[in-house]
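**Q** Could you work out the structure for the sequence below:
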Amino acid sequence: MAKQTVLKVSEGRTEETLKVFLRSLLEKGVIHSLLIPKRLPSGDGFVQSLIHSPDKMDGTSVLSMTMPVQSARIASNLSIKNLHKRVGAVLKACEIRAIVELTKFLQVKLDNLILIGVDCPGTFEVSDFAKMVLEGKDGERLTQEILKNMEKGEPASPQGYAFRTACQICEYPIPAADIHIKLFGYRAEEAIGLEIGEKLEKELEEKGISFSSEDQLPSRKDVVDKVVAERSKKRDLAFQEFRSVVKDLPSFLDRFSTCIRCHNCMVACPICYCKECVFRTAVFEHEGDQFLRWADRKGGIRMPTDTLIFHLIRMSHMVTSCIGCGLCDSACPSRLPVATLFRSVGDKIQKMFHYVPGRDVQEVPPVATFREDELKIESGAL
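**A** Below you'll find the model as predicted:
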């Protein structure tokens with residue numbers, strides 16, 4: 001049974017209170033190192049940093065407003081061939097869900113990884129956040145304002161800006177973690193909720209990390225339900241709009257006509273983990289005479305070729321495990337709705353298999369198992 005407790009915030013310094021708690025995990029030897037976003041010296045962005053010395057915690061931010069990389073990939077690097085040194089990782093809900101999926105595919109080992117999840121209000125595109133700061137908006141003050149609005153489940157972006165599309169339609173803002181930092185429903189300048197997993201509770205107490213009173217906040221559930229309902233409504237509208245435009249393969253090719261096959265979406269995706277990939281070989285790098293022969297035979301061809309097969313093969317490989325982080329959108333230089341494509345298709349496929357990616361590390365992913373009746377579509381499933 002997880003321990004429910006609170007951290008009392010001193011003088012309204014929410015992030016500082018959280019950093020004191022995380023610093024104590026390093027000082028008491030609960031973890032060897034801490035993976036946590038750190039504010040750039042310019043103040044216009046964040047970068048994930050691996051902290052070993054507690055005195056290097058200055059500038060770190062538990063609630064970073066951007067997500068330049070998907071930390072599930074970093075967790076994979078830190079946990080595979082780990083020298084039995086425990087790493088704590090401050091992560092958003094979608095990053096933890098990606099870690100859960102990668103664990104099933106033996107790309108992450110959880111033995112020496114402590115997941116520290118934070119309620120997520122959403123993130124901004126890296127370029128948008130940098131522009132806000134350039135326009136004079138103070139990044140720290142913006143974070144405080146969003147924290148304040150999370151009490152009622154109403155985190156809002158500054159006028160003229162918006163959270164990333166993937167964040168607006170993400171119905172999983174609450175992480176499942178070893179240590180869960182709860183912000184929705186709390187008056188963050190006074191207190192923060194904490195949920196400590198059973199396997200850590202005793203260890204923290206033994207090492208002198210104590211907590212204040214038991215957490216008693218019945219209104220939190222209503223706030224979380226409100227956030228999930230609003231995002232689910234936006235998700236359904238986004239799916240409906242996308243499906244009204246992309247109805248078949250010809251309309252798909254039209255919508256994705258500006259795809260330059262840079263493979264950025266594949267590189268940014270945490271679930272696309274294959275060390276050897278057909279798209280990183282010369283298989284689709286055709287000689288000029290091949291294009292000319294195709295043009296001769298068909299009368300004309302679309303260039304570049306293989307756009308359709310690239311996206312379809314990617315979808316067939318990992319759409320059941322897509323966790324909707326949306327970094328494929330962020331990475332696309334042509335600003336194509338790759339995430340909406342994957343989420344829209346994934347929504348149907350995942351329902352067909354009764355599978356929710358990232359929900360439970362014990363759930364077997366559809367691509368790793370076979371059932372005779374698994375492709376029989378039940379009435380109302382789609």
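
**Q** Is the residue of the chain positioned farthest from its centre within a helix or a strand, and which one?
**A** Centroid-distance maximum for the chain: D296 at 45.7 Å, with C-alpha atoms, centre = their mean. Secondary structure assignment for D296, by DSSP states H and E: helix 288-298.

**Q** got it, and K202?
**A** Going by DSSP H and E, K202 is part of helix 198-206.

**Q** what's the answer for R261, then?
**A** With DSSP H and E as criterion, R261 is part of no helix or strand.

**Q** cool, and K351?
**A** helix 338-352.

**Q** packing partners for that helix?
**A** Under the contact criterion of 3 or more C-beta pairs under 8 Å, 6 or more residues apart in numbering; DSSP states H and E, helix 338-352 touches helix 165-168, helix 220-245, helix 307-318, helix 327-331. Bear in mind the C-beta positions are built from the backbone N, C-alpha and C, glycine included.

**Q** follow-up on the earlier one: how about the CA coordinates for the helix holding D296, as CSV?
**A** Extracted in CSV, the C-alpha atoms of helix 288-298 (Å, rounded to 0.1, in the frame of the first residue of the first chain):
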residue,chain,number,x,y,z
GLY,A,288,18.1,7.5,-61.0
ASP,A,289,17.4,4.9,-63.6
GLN,A,290,14.9,3.2,-61.3
PHE,A,291,12.9,6.4,-60.9
LEU,A,292,12.9,6.9,-64.7
ARG,A,293,11.7,3.3,-65.3
TRP,A,294,8.8,3.8,-62.9
ALA,A,295,7.9,7.0,-64.6
ASP,A,296,8.0,5.3,-68.0
ARG,A,297,5.8,2.5,-66.8
LYS,A,298,3.2,4.6,-64.9
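
**Q** Show me how far that helix is from its chain's centre.
**A** In terms of C-alpha atoms, centre = their mean, to the nearest Å, the centre of helix 288-298 is set 42 Å apart from its chain centre.

**Q** Quick check: mean pLDDT of that helix?
**A** Average pLDDT, helix 288-298: 87.

**Q** so who does the nearest residue to S71 once chain neighbours are set aside touch?
**A** In space, and not counting its chain neighbours, S71 is closest to E95: 4.5 Å by C-beta to C-beta, 6 or more residues apart in numbering. If you count contacts by C-beta atoms under 8 Å, 6 or more residues apart in numbering, E95 has them with M67, Q70, S71, A72, A75, P270, C325.

**Q** Can you point out the buried residues in the helix holding K202?
**A** By 16 or more other C-beta atoms under 10 Å, the buried positions in helix 198-206 come out as L200, E201, L204.

**Q** can you redo the residues you listed as a markdown table with pLDDT and distance to V118?
**A** Converted to a markdown table, the buried residues of helix 198-206 look like this (pLDDT from 0 to 100; distance: C-beta to C-beta, whole Å):
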| residue | pLDDT | distance to V118 |
| --- | --- | --- |
| L200 | 89 | 16 |
| E201 | 84 | 19 |
| L204 | 87 | 18 |
